[in-house]
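K.L.:
No letters, just coordinates:
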């Protein structure tokens, strides 16, 4: 799958999850900035992947594409990003070649490139052209880079073997423990994509080797933030750009825009303006907002200074030239100074927030105070009013990001200062109260 197509289908699946199929074909295509024809082709492609992914299901459980987002709701192994990685399949000939190469190495023997080429050519279907030596060596290099096979030390000709020590050297009980550990960590920590991929591979291996009585669903998770996993598709390439101090170029769609994607038109007859904006920036930090399940890229733009991007709006990401170490450190120091008082990434004017928290009545322990001490960052408790309440104070860049945290305490928190934040909280609670008026 082309990189541009991967971007398109990330946005496609994001909209599918958020709208739950409420859009018509035309509305969906307009929101994505693509044609109805492209929409239909994308649907067809993803339906084929669904059939491949769920081909082990009984016939009566066959799923339409729009229903796959609700299939096995608690089974977090099949999240949307893993679904897309399956979609990033190789061409048919490449897929068949690699399958034959791995099958030849399954016996545990070490084989040379020529022996593997003979095994591959001997089992290649008649309708597909047999590979030449250059193609096989390219496939072996790819498999070695992704850690599937290993080149044995020694003189030429080099010999290759499967890199499957993880499942071969562990006992069945140890593999189950590893599976449970990967399951818990992938569902409770970020980033998670590599953990889900490890969990997926272990699950398939255990299902092939374990008895039917062994259950792999020891833990169940109700997952909410699919966008977080979809955005992780770009995470590691951005982290690599930060390590190498490289600029990145991308097409950015602000959350306020009506469209979230635009196809890259190579035919000049069909060129058109898009609502996306081409950006070039030096990536400095990646930040995760656990309140909303969003990833942010913080960087430096030559014309705008310190900039912030929601990663869900970044498409067609390309690495650019590297910048000097001194320049990168200068921008990093500038960013850290701007965000020193940020609850998350806000770079607005610093204000002092004061709030009164009320102790829980009749509770065996003061979980309100414990939570404030755990999550209140650099804020401090300035005054305690006996057993009833305590005052909390913090200096932050703006109030937009801290407001959801304060609101999450419900009636256990009263905002005192600043006055504009207090008024905003009052208005919000009045609006919520109106929702519960008797009908």
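P.N.:
On my side now, so go ahead. Please read these numbers as outputs of a predicted model, since none were measured by experiment.
K.L.:
For the closest residue to residue 379 other than its chain neighbours, give its distance to residue 43.
P.N.:
Leaving aside its chain neighbours, residue 379 sits nearest to residue 394 (3.1 Å; criterion: Cβ to Cβ, 6 or more residues apart in numbering). In short, each C-beta sits where N, CA and C put it, glycine included. According to Cβ to Cβ, to the nearest Å, residue 394 and residue 43 sit 49 Å apart.
K.L.:
what's the domain layout of this protein?
P.N.:
Annotated domains of the chain cover 3-73, 92-163, 167-209, 226-262+274-338, 350-435 [automatic domain parsing].
K.L.:
now, of those, which is deepest in the fold?
P.N.:
domain 226-262+274-338 (a mean of 17; mean count of other Cβ atoms under 10 Å).
K.L.:
The residue nearest to residue 379: helix or strand, and which one exactly?
P.N.:
If you go by DSSP states H and E, residue 394 is part of strand 389-397.
K.L.:
Listing partners with orientation, what would you give for that strand?
P.N.:
With DSSP bridges as the test, strand 389-397 is paired with strand 350-358 (antiparallel), strand 380-385 (antiparallel).
K.L.:
Follow the chain on from that strand and name the next helix or strand.
P.N.:
Downstream of strand 389-397 (by DSSP H and E), the next one is helix 403-407.
K.L.:
Just the mean pLDDT for the following helix or strand past that next one, thanks.
P.N.:
Where DSSP H and E defines the elements, the next helix or strand beyond helix 403-407 is strand 413-417. Averaged over strand 413-417, pLDDT sits at 94.
K.L.:
outside of strand 413-417, which residues touch it?
P.N.:
Identification of contacts with strand 413-417 by Cβ atoms under 8 Å, 6 or more residues apart in numbering yields 352-358, 391, 406-407, 421-422, 425.
K.L.:
strands paired with that strand, and their directions?
P.N.:
Using DSSP bridges, strand 413-417 pairs in its sheet with strand 350-358 (antiparallel).
K.L.:
Do a quick rundown of the strands in the stretch 151-300 of the chain.
P.N.:
With strands called from DSSP state E, counting those that start in this stretch, the stretch 151-300 of the chain shows them at 159-162, 246-252, 277-289, 294-301.
K.L.:
right, and those - which one's nearest residue 190?
P.N.:
The closest of the strands of the stretch 151-300 of the chain to residue 190 is strand 277-289. By Cβ to Cβ, the value is 5.3 Å.
K.L.:
got the contact list for the closest one?
P.N.:
So strand 277-289 is contacted by 190, 228, 235, 238-239, 241-242, 245-254, 294-302, 307, 309, 311, 320, 323, 327-328, 331-332, 335, 344-345 (Cβ under 8 Å, 6+ apart).
K.L.:
mind checking the SS state of residue 365?
P.N.:
Of the three states, residue 365 takes coil under DSSP: H, G, I helix; E, B strand; the rest coil.
K.L.:
Not counting residues beside it along the chain, what's closest to residue 159?
P.N.:
residue 110 (4.0 Å).
K.L.:
Wait, the one you found touches residue 160, no?
P.N.:
Yes. At 6.5 Å, residue 110 counts as touching residue 160 under the criterion of Cβ atoms under 8 Å.
K.L.:
Can you tell me how far the nearest residue to residue 158 once chain neighbours are set aside is from residue 112?
P.N.:
Ranked by Cβ to Cβ, 6+ apart and with sequence neighbours excluded, the top spatial neighbour of residue 158 is residue 151, at 5.2 Å. In this view, residue 151 and residue 112 are 11 Å apart by Cβ to Cβ.
K.L.:
so what sits against both of those two?
P.N.:
With Cβ under 8 Å, 6+ apart as the test, residue 151 and residue 112 both reach 158, 159, 160.
K.L.:
list the contacts for the second one?
P.N.:
Read that as residue 159. Taking Cβ under 8 Å, 6+ apart, one finds 110, 111, 112, 151, 152 in contact with residue 159.
K.L.:
switch the cut-off to 6 Å
P.N.:
Neighbour list for residue 159: 110, 112, 152 [criterion: Cβ atoms under 6 Å, 6 or more residues apart in numbering].
K.L.:
What of the last one?
P.N.:
Shown in contact with residue 160 (Cβ under 6 Å, 6+ apart): 149, 151.
K.L.:
Could you list everything it pairs with in the sheet?
P.N.:
residue 111, residue 151.
K.L.:
From residue 16, how far out is residue 24?
P.N.:
From residue 24 to residue 16 the distance is 13 Å (Cβ to Cβ).
K.L.:
still on that earlier bit, ranking the strands paired with strand 389-397 by mean pLDDT, which is last?
P.N.:
Among these, strand 380-385 scores lowest, with a mean of 82.
K.L.:
Touching that one from outside, list them.
P.N.:
So strand 380-385 is in contact with 390, 391, 392, 393, going by Cβ under 6 Å, 6+ apart.
K.L.:
Adding distance to residue 105 and pLDDT as columns, could you present the residues you listed in JSON lines?
P.N.:
As requested, the contacts of strand 380-385 are exported to JSON lines (distance: Cβ to Cβ, whole Å; pLDDT from 0 to 100):
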{"residue": "390", "distance to residue 105": "64", "pLDDT": "91"}
{"residue": "391", "distance to residue 105": "67", "pLDDT": "93"}
{"residue": "392", "distance to residue 105": "61", "pLDDT": "94"}
{"residue": "393", "distance to residue 105": "63", "pLDDT": "95"}
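K.L.:
does the residue nearest to residue 159 really touch residue 151, like I thought?
P.N.:
No. Between residue 110 and residue 151 there is no contact, the gap being 9.5 Å when judged by Cβ atoms under 6 Å.
K.L.:
measure residue 393 to residue 399 for me?
P.N.:
13 Å.
K.L.:
and if you look at residue 35?
P.N.:
For residue 35, the distance to residue 399 - Cβ to Cβ - is 43 Å.
K.L.:
how about the strands in the stretch 1-150 of the chain?
P.N.:
Counting by DSSP E, counting those that start in this stretch, one finds strands in the stretch 1-150 of the chain at the ranges 111-112, 149-151.
K.L.:
Could you check those and tell me which one is nearest residue 411?
P.N.:
Using Cβ to Cβ, those put strand 149-151 closest to residue 411, at 60.2 Å.
K.L.:
Mind giving me the packing neighbours of whichever strand or helix holds residue 316?
P.N.:
Assigned by DSSP H and E, residue 316 belongs to strand 314-322. Of the remaining helices and strands, those touching strand 314-322 by 3 or more Cβ pairs under 6 Å, 6 or more residues apart in numbering; DSSP states H and E are strand 246-252.
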